[in-house]
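> any chance you could fold what I've pasted below:
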Amino acid sequence: MNVIGARPDGWWRDRDGAIRRLLGRLQRLVATGEADVTLALDGRPLEDVPEGVHDGVRVAYANRSGPNAADDRIVELVGGLAHPEDATVVTSDRALRARVAERGATVVGARALWERLDELG
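So this is what the prediction gives:
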């Protein structure tokens with residue numbers, strides 16, 4: 001949610017819609033062939049976006065509720081990679097940045113992702 005929250009575009013009035021819009025934009029990114037993408041989310045799974053692969057984007061939900069639930073899931077996903085040094089995590093959260101960097105992943109801020117998504121339209 002910190003990627004969605006990086007743009008104050010009124011997303012908080014329709015959180016589910018914001019998730020679906022981001023998913024759609026990430027699907028366009030995946031279609032370019034330049035990235036494999038996993039979208040980690042907190043909160044209840046959306047009925048129309050269950051955990052799994054959606055047009056090339058893997059959607060993963062937090063395994064629990066509460067603070068840092070999605071962050072913990074992201075750390076788990078990075079930790080499960082055979083080559084975490086090949087992963088890039090997009091987040092503006094300092095604590096999460098440190099946790100995934102400790103596991104070898106590269107970290108970029110939400111702004112970099114939004115700029116690339118804007119280039120794609």
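> so in this structure, which helix runs the longest?
The longest helix of the chain (DSSP state H) is helix 15-31.
> what strand or helix carries the spatially most central residue of the chain?
With distances taken as CA atoms, centre = their mean, residue 39 lies nearest the centre of the chain, 3.6 Å away. In this assignment (DSSP states H and E), residue 39 forms part of strand 37-41.
> show me the contact partners of the helix or strand that comes right after that strand.
Sequence-wise, the next helix or strand downstream of strand 37-41 (DSSP H and E) is strand 52-54. With contact meaning CB atoms under 8 Å, 6 or more residues apart in numbering, strand 52-54 is reached by 23, 27, 58-59. To be clear about C-beta, it is placed using only N, CA and C from the backbone, and glycine gets the same treatment.
> before we move on, what about stretch 9-23?
So stretch 9-23 is contacted by 1, 3-5, 39, 41, 43, 46, 48-49, 54, 57, 59 (CB under 8 Å, 6+ apart).
> kindly report the same for stretch 67-85.
By CB under 8 Å, 6+ apart, stretch 67-85 touches 1, 38, 40-42, 60-64, 87, 89, 91, 93, 95-96, 99-100, 103-106.
> pLDDT on that stretch, on average?
The average pLDDT within stretch 67-85 is 96.
> C-alpha coordinates for that stretch, CSV please?
C-alpha atoms of stretch 67-85 as CSV (Å, rounded to 0.1, in the frame of the first residue of the first chain):
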residue,chain,number,x,y,z
PRO,A,67,1.0,-3.8,11.3
ASN,A,68,3.7,-4.7,8.8
ALA,A,69,1.8,-7.8,7.6
ALA,A,70,2.5,-7.2,3.9
ASP,A,71,6.1,-6.2,4.8
ASP,A,72,6.5,-9.6,6.5
ARG,A,73,5.1,-11.3,3.4
ILE,A,74,7.5,-9.4,1.1
VAL,A,75,10.5,-10.4,3.3
GLU,A,76,9.2,-14.0,3.2
LEU,A,77,9.0,-13.9,-0.6
VAL,A,78,12.5,-12.4,-1.0
GLY,A,79,13.9,-14.9,1.5
GLY,A,80,12.4,-17.8,-0.5
LEU,A,81,14.1,-16.8,-3.8
ALA,A,82,17.1,-18.9,-5.0
HIS,A,83,18.8,-15.6,-6.1
PRO,A,84,17.4,-12.7,-4.0
GLU,A,85,20.2,-10.5,-5.4
